[in-house]
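*Asks:* Sequence and predicted model, in that order:
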Amino acid sequence: MRILADTHALIWWMRADARLSKRGMAILKDPGNEILVSAVVGWEIAIKVKLGKIAPASVLRDLEEAVAVEGFVELPITLAQAIRAGSFMLHHNDPFDRLLAAQAQSLNLPILSADRVLDQYGVQRIW
């Protein structure tokens, strides 16, 4: 299965946080799955660390290594995906999540996310 990881799912994975669903944990653990991590995840974590919304800052420092060690795949942002995200209705006030939804739509990928608002963008959300 190819799946796009939402930022909170990835952070909870890195922290072994109990808020990550059992299904999400199983998906991320399964080496047969291709886990995609959008460039927007790095941007979102960096901004939220700087604003003090995510602590400790080591989450940001460890992100690239964690993605590489786990064999997750970095997903760049295309111009078409950015335009799609910017054109969405504002069901979600979070621009990072709108971009993840745009990437999921354009690549026909499910998103591993607890965020039910993403359902309004017509993407398959797994939790």
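*Replies:* The structure has been received and is ready for your questions. Residues are numbered from 1 along each chain as shown.
*Asks:* Now stretch 12-29: average pLDDT?
*Replies:* Taken as a whole, stretch 12-29 has a mean pLDDT of 95.
*Asks:* So what's the gap between it and the chain middle?
*Replies:* 13 Å (C-alpha atoms, centre = their mean, to the nearest Å).
*Asks:* How about stretch 63-74?
*Replies:* 13 Å.
*Asks:* where exactly do the strands run in the chain?
*Replies:* 2-5, 34-38, 73-75, 111-112, 125-126 (DSSP state E).
*Asks:* which other helices and strands contact the helix or strand bottoming out on mean pLDDT in the chain?
*Replies:* Least confident element among the helices and strands of the chain, by mean pLDDT, DSSP states H and E: helix 58-70 (a mean of 91). Judged by 3 or more C-beta pairs under 8 Å, 6 or more residues apart in numbering; DSSP states H and E, helix 58-70 is in contact with helix 7-15, helix 39-50. (Glycine included, C-beta is placed from N, CA and C.)
*Asks:* can you tell me which of the strands of the chain comes nearest to Ala82?
*Replies:* strand 34-38 (11.4 Å; C-beta to C-beta).
*Asks:* Quick check: neighbours of the closest one in the sheet, parallel or antiparallel?
*Replies:* strand 2-5 (parallel), strand 73-75 (parallel) (DSSP bridges).
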